[in-house]
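> Below are the sequence and a predicted model; questions follow.
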Number of protein chains: 2
Amino acid sequence: MPENAFGLLPPPRGASAEIDCLFYFRLIIFRIMVRAKSVHYVLQRRYGEARVPKLYLGVDGGGTNCRVRLADENLKTLAEATNGRSNLQLEDGDPAYRSIMDGTRQVFEKAGIDYAETANTYACFGMAGARLISARDEFEARDWPFARVKVYDDIDIARAGAHEGEDGAVIIVGTGSAGLALVGEERHQVGGWGFPVGDQMSGAILGRELARITVEAHDGFFDPTPLTQAVLERLGGDLDTLMDWSFKAEPADFGSLMPLFIEYYEKGDPIARKLMDLQLSYVDAYVSWFKRRGVEKMAVVGGFGRRLNPLFVERYGSFIVDPRSEPLHGAVLLAHQHFANA
Amino acid sequence: MPENAFGLLPPPRGASAEIDCLFYFRLIIFRIMVRAKSVHYVLQRRYGEARVPKLYLGVDGGGTNCRVRLADENLKTLAEATNGRSNLQLEDGDPAYRSIMDGTRQVFEKAGIDYAETANTYACFGMAGARLISARDEFEARDWPFARVKVYDDIDIARAGAHEGEDGAVIIVGTGSAGLALVGEERHQVGGWGFPVGDQMSGAILGRELARITVEAHDGFFDPTPLTQAVLERLGGDLDTLMDWSFKAEPADFGSLMPLFIEYYEKGDPIARKLMDLQLSYVDAYVSWFKRRGVEKMAVVGGFGRRLNPLFVERYGSFIVDPRSEPLHGAVLLAHQHFANA
C-alpha cells in the first residue's frame, strides 16, 4: 500500500499554513483511529477496493496440546505452531489462553508477518471442555489481540473439517466422545457431557469398564481371560495395586488401555468381544439419533474412533464417510465463514 | 489391689541395711518394668489370679464419622464418643488418628477411668479405606497409648457385629460396597475396591448410573421418565448445570440420589425398575460367590442396603438374616477375640 494512500506525506513545498494545519490535524485524527484499532474499517470505507487483506487464525485446542494455524484470505496455510494443553475446564482456561497467545506469536514470526497484523486477523478457536456456553463466552471475552474472536466447542471444528463445511455428522471417539450434525441450517449436538456422566463412546469410559471387569474377574465373579490377565499385569499385577492406580487415574489413563483392548479383541478374547458389543451399542445409539434428524453421512474422528472405523463401515455401510480435512482446517474454515464479511 | 502386693511398702523399722538395699533394688527394677509396659504380664506371672482386669476399646472409623467405645472385660459398654471422619485414604490417615485419640480421651473421661489405664486397654479399629494391607499396617504402627492395637477393614467389624462372632457373610451396601464371609476358620473377602473400579452394589455407583441415564434421556436417546425429570430438576434443571455438578461430585453426592430413586421405584417408574434390576444383578453375583464358598447366611448393613433389605428377603429367602449387632460392637468383640489371651 503506497504511503500517500494514508495522506501521511508532508504537503508540497510552498503550500500555505492552512494546508499545514489541515495535514497535522488529519495526522492526529489518524493516529487516534489507529489506536482505536478501527483503521482498517476506515480504510475500507474511504478507499473501497483497496481494502486490507484479512488473515485467519484457527485453533484446535485439545486436552493435551493446542495447535494454531495462520492462513491467508484464500485459506492457504502461512504457518503452524503447537503448544501445551488447552482444555477450558483446566484452571479456568489460563493454560489455554497462554497456549494460544504463545502459538500466535510463533505463527506470526514463522510467517514473517508483523505481530501488529493480529489486529487484522480473524480467529476461531475450537476448544476441548467448551461444551458449556458460559465457558465459551468467558474465554471469548479475554484480552485478545485479534480483530474478532469466535470460540467453539471442539466438535464444531471437527465437523467443519470433516465435511469441509458441507452438511453431515461427526462423532469424536477419543479419550472423550461427542457428536454433532449440520442439516440445512440446523445444528444438532449430542453427547460430550464429560467423563463422570457422559462420553459413552470414549476410550476413557471403555477403559474404566475394562479395569472394572478385570477386578470382577480376578475377584472370582467369573473367569479371567487373557485380556483381563494382561490388564492386571499392566496395572501392577494384583488388585491392591490396581485399586491404588484407579484412585489416581485420569480419563486419559483409562483410555490408554485401548490399544491392549484392540489387540485382544483381534485375538478373539471373550471379554474384549463383550466390551466391543457394548461399545458398538453406544455408537448405534448415536447413529439412530442422527438418522432420526435427517443426517445422511457421518465421519469419525479421534484416535480410538479411527482405529474402529473399519468396524463402523462394516456395520453402517455408506453412512460412514472419511473425514475430508482435519479439525484445525475446520477452525480456519469456520473463521472464514464467520468473519469473511465482518 | 493392696499396695504390698507389689512389695512396695518400706521395710519394717529396724531392719538391716541389706534389707534396705534389697527394697530399693526391687523398686528400681519395678519402675523399669512399668516403663517397659510389661508390668501386667509380670504381675500375672507372679501373682496368678490377682491379674489386672483388661479394658477393650472398639473403633468404627467411617468416612464421615468415627465412633469409639470403651468396654470392660465382660464387653459391657463403659462409655462412647463420636468424632470426625476417619477414612484411612484421607490425608494418609492423619484425621483418623486425631479422631481416635480424641475419642479415647473422651471415653476414659466419661467412664471416670484414669487415662493411664490405656496401657491396660486392648484396641481394635475397623477403618474405612483399609482395604490395602499396607494402609492397615502403617496405621497400626502409629504411636498409640494402648497395650495392643489391631487394625481391620471396616467390613470385618461389620461382619463380626452382624453375626456376633459366628460364621456367616455380610455385605455393606452404602455409599460404597463390599462383602466378607467367615466359614469355619476361613475368611472370604470380595469387592470393596472403591468407586473408580469397584463398589458395584453401592449407592454411589447406582447414583452415577442414574445421573448418566438422565443425561442420555434428556439428550434424546430415549424418553425421559418422571424419575429422570426429578433428577434433572434436582441437579440444576438443565444438562449444562448437571455436567458442571458431575465434575465436582464425590461418591457421596451420587449416593445422595438414592432416596429419590427409591421413591420413584415404588411409584413404578420404568427407569427406576431397570436400574433396580441392575442393582439386584450385582447382589446376585455376591450371593452366588458366597454360596459357592459354603456360606449359609448373609446380613446386609449400610443405609442403602437396609432400605433394600425387604427385596433381598423376597429374592434370597432365609439366606438373609438381620444383623444382630452393629459394627461398633463387632469392633469390641474382635478386640476381645484377638487379645483376651494376650
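The structure has been received and is ready for your questions.
> In this structure residue A:204 contacts residue A:257, no?
No: with contacts counted by CB atoms under 8 Å, residue A:204 stays clear of residue A:257, the gap being 9.4 Å. Placement of C-beta: from N, CA and C, glycine included.
> Next, count neighbours for residue A:309.
Residues lying near residue A:309 (other CB atoms under 10 Å in any protein chain shown) number 16.
> Hmm, I typed the wrong one, I wanted residue A:62.
By the criterion of other CB under 10 Å, residue A:62 has 21 neighbours.
> Residue A:105 now?
14.
> Beta-bridge partners for residue A:187, please?
residue A:182 (DSSP bridges).
> For chain B, see how far away it is.
14 Å (CB to the nearest CB, to the nearest Å).
> list the buried ones in the helix or strand encompassing residue A:274?
According to DSSP states H and E, residue A:274 maps onto helix A:270-291. Neighbour counts over helix A:270-291 (16 or more other CB atoms under 10 Å in any protein chain shown) mark A:271-272, A:275-276, A:279-280, A:282-283, A:285-287, A:289-290 as buried.
> So residue A:140 is in contact with residue A:149, correct?
Yes: when contacts are counted by CB under 8 Å, residue A:140 is listed as touching residue A:149 (5.6 Å).
> Would you map out the domains in chain A?
Using automatic domain parsing, the domain parsing of chain A gives A:3-50, A:55-164+A:327-339, A:203-321.
> And these: which comes nearest residue B:56?
Distance to residue B:56, taken as CB to CB, is lowest for domain A:203-321 among those, at 29.6 Å.
> re the thing from before, make TSV out of the domains of chain A and add distance to chain B and mean pLDDT.
Formatted as TSV, these follow (distance: least, CB to the nearest CB, whole Å; pLDDT from 0 to 100):
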stretch	distance to chain B	mean pLDDT
domain A:3-50	33	53
domain A:55-164+A:327-339	5	94
domain A:203-321	4	97
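> tell me the most buried of those?
Burial of the domains of chain A is given as mean neighbour count (mean count of other CB atoms under 10 Å in any protein chain shown); domain A:55-164+A:327-339 ranks first at a mean of 20.
> how long is that one end to end?
10 Å (CA to CA, to the nearest Å).
> And stretch A:124-132, by the same measure?
Taking CA to CA as the criterion, the two ends of stretch A:124-132 lie 17 Å apart.
> How far away from the center of its chain is that stretch?
7 Å (CA atoms, centre = their mean, to the nearest Å).
> ok so, going back, turn the domains of chain A into CSV, including distance to residue B:341.
Formatted as CSV, the domains of chain A follow (distance: least, CB to CB, whole Å):
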stretch, distance to residue B:341
domain A:3-50, 87
domain A:55-164+A:327-339, 57
domain A:203-321, 31
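> residue ranges of the strands in the stretch 201-342 of chain A, please?
Listed in chain order, the strands of the stretch 201-342 of chain A (DSSP state E, counting those that start in this stretch) span A:298-301, A:320-321.
> Put together a markdown table for these, with distance to residue A:237 on each row.
Listed next are these as a markdown table, based on distance: least, CB to CB, whole Å:
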| stretch | distance to residue A:237 |
| --- | --- |
| strand A:298-301 | 35 |
| strand A:320-321 | 40 |
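> so which of those comes closest to residue B:186?
With CB to CB, the closest approach to residue B:186 among the strands of the stretch 201-342 of chain A belongs to strand A:298-301: 51.1 Å.
> Show me what that closest one is packed against.
Other helices and strands packing on strand A:298-301, by 3 or more CB pairs under 8 Å, 6 or more residues apart in numbering or on different chains; DSSP states H and E, are helix A:154-162, strand A:168-173, helix A:303-316, strand A:320-321.
> Not counting sequence-adjacent ones, nearest residue to residue A:265?
In this structure, residue A:265 finds its nearest non-sequential neighbour in residue A:272, 3.9 Å apart by CB to CB, 6 or more residues apart in numbering or on different chains.
> now that neighbour: how far from residue B:275?
Relative to residue B:275, residue A:272 is positioned 27 Å away (CB to CB, to the nearest Å).
> Residue A:84 too?
For residue A:84 relative to residue B:275 (CB to CB), the value is 41 Å.
> again with residue A:158
Residue A:158 sits at a distance of 33 Å from residue B:275 (criterion: CB to CB).
> And for residue A:174?
If you measure residue A:174 against residue B:275 using CB to CB, the figure is 29 Å.
> Which one, of the domains of chain A, ends up nearest to residue B:97?
Comparing the domains of chain A by CB to CB, domain A:203-321 comes nearest, at 20.2 Å.
> before we move on, the earlier item: ok, which of the domains of chain A comes nearest residue B:186?
In terms of CB to CB, the element of the domains of chain A nearest to residue B:186 is domain A:203-321, at 13.9 Å.
> From one end of that closest one to the other, what's the distance?
Domain A:203-321: ends 21 Å apart by CA to CA.
> Next: stretch A:69-89.
OK, stretch A:69-89 end separation, CA to CA: 23 Å.
> Apart from its chain neighbours, what residue comes closest to residue A:304?
Using CB to CB, 6+ apart and skipping residues adjacent in sequence, the residue nearest residue A:304 is residue A:203, 4.1 Å away.
> which residues touch that neighbour?
When contacts are counted by CB atoms under 8 Å, 6 or more residues apart in numbering or on different chains, residue A:203 touches A:173-175, A:254-258, A:303-304.
> Need these in JSON lines (columns: distance to residue B:78).
Output for these, formatted as JSON lines (distance: CB to CB, whole Å):
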{"residue": "A:173", "distance to residue B:78": "62"}
{"residue": "A:174", "distance to residue B:78": "60"}
{"residue": "A:175", "distance to residue B:78": "56"}
{"residue": "A:254", "distance to residue B:78": "49"}
{"residue": "A:255", "distance to residue B:78": "54"}
{"residue": "A:256", "distance to residue B:78": "54"}
{"residue": "A:257", "distance to residue B:78": "52"}
{"residue": "A:258", "distance to residue B:78": "57"}
{"residue": "A:303", "distance to residue B:78": "63"}
{"residue": "A:304", "distance to residue B:78": "60"}
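> Name the SS class of residue A:101, please.
When classified by DSSP: H, G, I helix; E, B strand; the rest coil, residue A:101 comes out as helix.
> Spit out the contact partners of the nearest residue to residue A:137 once chain neighbours are set aside.
Once flanking residues are discounted, residue A:137 sits nearest to residue A:151: 7.8 Å by CB to CB, 6+ apart. Counting by CB under 8 Å, 6+ apart, residue A:151 touches A:124-125, A:127, A:130, A:136-137, A:139-140.
> partner strands of the host helix or strand of residue A:151, parallel or antiparallel?
With elements taken from DSSP H and E, the one containing residue A:151 is strand A:148-153. Note on strand A:148-153: by DSSP bridges, its sheet partners are strand A:121-127 (parallel).
> quick one: contacts of the very next helix or strand once past the strand it pairs with?
Note on strand A:121-127: by DSSP H and E, the next helix or strand toward the C-terminus is helix A:133-140. When contacts are defined by CB under 8 Å, 6+ apart, helix A:133-140 is touched by residues A:88-89, A:93, A:96-97, A:125, A:127, A:129-130, A:149-153, B:240.
> Over to residue A:130: give its phi and psi.
Backbone torsions for residue A:130, taken as degrees, to the nearest 10, come to phi -110, psi 30.
> Thought residue A:153 was touching it, still the case?
Yes: shown here, residue A:130 and residue A:153 form a contact pair, counting by CB under 8 Å, at 4.5 Å.
> where's stretch A:287-298 relative to the chain centroid, distance-wise?
22 Å.
> and what of stretch A:53-70?
Centroid separation for stretch A:53-70 versus its chain: 8 Å, with CA atoms, centre = their mean.
> that's a helix at residue A:106, yeah?
Yes: counting by three-state DSSP, residue A:106 is part of a helix.
> The one helix or strand residue A:56 maps to pairs with which strands?
Under the criterion of DSSP H and E, residue A:56 resides in strand A:55-61. Strand A:55-61 has the following strand partners under DSSP bridges: strand A:66-71 (antiparallel), strand A:121-127 (parallel).
> Tell me the helix or strand right after the shortest one.
Going back to what we said before, that points to strand A:66-71. On the C-terminal side of strand A:66-71, the closest following helix or strand by DSSP H and E is strand A:77-83.
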